[in-house]
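> compute the structure for the input listed below.
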Amino acid sequence: MTPSGDDTSTATPDQDLAAAAREAKSAAAEAQAAADKSEQSAADAASAAKAADTSADEADESADKADEAAEEADDAADKAAAAAHAADGDTNFADELLIEERHPSVGMGTPGPPLRRGNPFTFGFFAALGVLVALGLWNAAGQARSVLILLLVSMFIAVGLNPLVEWFMRRGLKRGLSVGVVFLLMILAVAGVGFAIVPVVSDQINSLIKNAPEWLDLLKNSKTVDDLDNKYHFIDKAQEYIQDPALAQRAFGGILGVGKVVAGALFNTFTILVLTLYFLASLPTVKRAAYSLVPRTRRTRVSILGDEVLGRVGGYVSGQFLVALTAGVMMFIFLEIVGLREYAVALAIVVMFTAFIPMVGGLIGVVIVGLIGFTDSLWVGIACLIYGIIYQQVENYVVAPRIMRRAVDIPGAVTVIAALLGGALLGVVGALLAIPSAAAILLIIREVWVRKADAS
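Numbering: from 1, shown residues only. Now for the predicted structure:
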């Protein structure tokens, strides 16, 4: 019999081999599982990398789209700025004039303390300086009187034409194009006046030259003239005057004087047209620049008052133009009826222009038409005077009040005083500017001083 201890030693190696085999299989299985996990991790990493690449591509596309959107926004902003610039008609005049907006006060030093107004020396110095400046400005204004008159007339016409420009703008035209249309109409009107009046004046001069010998013969054969000549010897004096050698020199000087007057009138007309175009085109920017000089707290109030004043001045000019146009058209119809067709257009234009002169303009036009009528016949001259007087009453009490009611609302006494003062200061131009200026002053008094008095 074999002992039990020998059986145990014999079975142990087999068991060890089996255990080693099992451990090897287990290790192999674990290695396979680890390999599978590694492959899965690699696959997951590849998927993650692919997803990261996709996200990066999408991010790049989003960035490109954002850049395109930003460029489109910049283009839209540039177009909007260009449209705003075109609507304004010009660059912002306030940005050019106001130093604060272009050069901030930072870096220019700190403002010093205000001057002591109670100091007698300071008060006297600035008072004397103010008087000297006022005297200098007064002398300069006197020397530049003609230029200032041209500026005032141009501004007056520009403000008067501005409602017509705004009317075209409400119809869809831009301001620049509207100004061009209005200015073209103005040039055509001036040219039409010239073409209507110049031929009539030329015909009258030619008629005078042609009929002069006949008139001289009538004077020589007239018994009344012969009696007056025997008493006063004015024919001999006239002959001596004509034969005077200095007469030719004086006549030549007179012709040169007339030429200078005509050249000056043409130059002034051209200057007024150019200045009117400038003021009409830059009126919005000039208004903004003027309003920007007012403190911000009062800027809205001042801009409202300023626009109202300009609106009333423009309304006055437009209304006065309608009144004058009505007078000219009615005079043209009357002259066609009474038989003065040859002078109808020219005299109608003269009446239209004289109608702009306050108070006496209508009377001047009637007198001119009456004198021309008397050259045709006595009854035609009387008819012209009667018609002119009747129409003046109709214009003063029916036509003008209906047209000018909304433009200017001032008492009659103020109208007379303003016209007299304006005429004394600047002649006919002052009389033309006086009534709208008085209306503007009354508006400011009513809206500023009267309101303050009512609130106190």
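
> what is the neighbour count of residue 345?
Here the number of neighbours of residue 345 (other CB atoms under 10 Å) works out to 20. For the C-beta atoms, the positions are set from N, CA and C on the backbone; glycine is no exception.

> now swap in residue 293 and tell me
Residue 293: 11 surrounding residues under other CB under 10 Å.

> that one and residue 198: what is the separation?
Distance, residue 293 to residue 198, by CB to CB, to the nearest Å: 46 Å.

> now do residue 427
Going from residue 427 to residue 198 by CB to CB gives 25 Å.

> again with residue 309
38 Å.

> might you list the low-confidence residue ranges for the stretch 1-150 of the chain?
1-17, 20, 27-28, 31, 34-57, 59-60, 62-64, 66-67, 69-71, 73-119 (pLDDT under 70).

> could you rerun that using 80?
Applying pLDDT under 80 to the stretch 1-150 of the chain flags the ranges 1-126, 141-145.

> could you give the backbone dihedrals for residue 171?
Residue 171 adopts backbone torsions of phi -90, psi 0, taken as degrees, to the nearest 10.

> give me the more crowded residue out of residue 309 and residue 198.
Set residue 309 next to residue 198 and count neighbours by other CB under 10 Å: residue 309 wins out with 19 against 11.

> state the helix or strand in which the closest residue to that one other than its chain neighbours lies.
In space, and not counting its chain neighbours, residue 309 is closest to residue 440: 4.4 Å by CB to CB, 6 or more residues apart in numbering. Element membership of residue 440, judged by DSSP states H and E, is helix 412-444.

> list the buried residues for that helix?
Across helix 412-444, burial judged by 16 or more other CB atoms under 10 Å covers 414-415, 418-419, 422-423, 426, 429-440, 442-443.

> likewise stretch 376-388?
For stretch 376-388, burial by neighbour count (16+ other CB under 10 Å) applies to 380-381, 383-385, 387-388.

> for the residues you listed, which one is nearest residue 125?
Within the buried residues of stretch 376-388, the smallest distance to residue 125 is 60.7 Å, found for residue 388 (CB to CB).

> identify the residues contacting the residue lying closest to that closest one once chain neighbours are set aside.
The shortest distance from residue 388 to any non-neighbouring residue, by CB to CB, 6+ apart, is to residue 366 (3.0 Å). Counting by CB atoms under 8 Å, 6 or more residues apart in numbering, residue 366 touches 384-385, 388-389, 392.

> let's see 7 Å
Residue 366 is in contact with 385, 388-389, 392, counting by CB atoms under 7 Å, 6 or more residues apart in numbering.

> export the residues you listed to a markdown table and append columns for pLDDT and distance to residue 264.
What follows is the contacts of residue 366, written out as a markdown table (pLDDT from 0 to 100; distance: CB to CB, whole Å):
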| residue | pLDDT | distance to residue 264 |
| --- | --- | --- |
| 385 | 91 | 33 |
| 388 | 89 | 31 |
| 389 | 90 | 35 |
| 392 | 87 | 32 |
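
> return the subset of these lying in helices.
385, 388-389, 392 (DSSP state H).

> redo these as JSON lines? Include distance to residue 349.
Output for the ones in helices among the contacts of residue 366, formatted as JSON lines (distance: CB to CB, whole Å):
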{"residue": "385", "distance to residue 349": "19"}
{"residue": "388", "distance to residue 349": "15"}
{"residue": "389", "distance to residue 349": "21"}
{"residue": "392", "distance to residue 349": "18"}
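
> which of those residues lies at the shortest distance from residue 58?
Looking across the ones in helices among the contacts of residue 366 and measuring by CB to CB, the closest to residue 58 is residue 392, at 86.5 Å.

> what helix or strand is the nearest residue to residue 444 once chain neighbours are set aside on?
Using CB to CB, 6+ apart and skipping residues adjacent in sequence, the residue nearest residue 444 is residue 305, 6.5 Å away. For residue 305, the host element (DSSP H and E) is helix 296-338.

> got the angle between that helix and helix 412-444?
150 degrees (axes from the mean of the first three to the mean of the last three CA atoms, to 10 degrees).

> check which helices and strands helix 296-338 sits against.
Judged by 3 or more CB pairs under 7 Å, 6 or more residues apart in numbering; DSSP states H and E, the packing partners of helix 296-338 are helix 145-170, helix 283-292, helix 344-354, helix 378-394, helix 400-404, helix 412-444.

> quick one: the first one to helix 283-292, angle?
Going by the same axes, to 10 degrees, helix 145-170 is angled at 110 degrees with respect to helix 283-292.

> how is the chain carved up into domains?
The chain breaks down by automatic domain parsing into domains covering 142-293, 297-456.

> mean pLDDT lowest where, among the ones you listed?
Ranked on mean pLDDT, the bottom entry among those is domain 142-293, at a mean of 79.

> and it, how far apart are its ends?
Distance between the two ends of domain 142-293: 28 Å, counting by CA to CA, to the nearest Å.

> now the helix or strand hosting residue 452 - C-alpha only, CSV.
Per DSSP H and E: residue 452 is located in helix 450-455. C-alpha atoms of helix 450-455 as CSV (Å, rounded to 0.1, in the frame of the first residue of the first chain):
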residue,chain,number,x,y,z
VAL,A,450,-44.7,139.3,-22.2
ARG,A,451,-44.6,135.7,-20.9
LYS,A,452,-42.0,136.6,-18.3
ALA,A,453,-44.2,139.5,-17.2
ASP,A,454,-47.2,137.3,-17.0
ALA,A,455,-45.3,134.7,-15.0
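
> quick one: the closest residue to residue 345 other than its chain neighbours from residue 344, how far?
Nearest in space to residue 345, with sequence neighbours left out and distances taken as CB to CB, 6+ apart, is residue 196 at 4.8 Å. For residue 196, the distance to residue 344 equals 10 Å [CB to CB].
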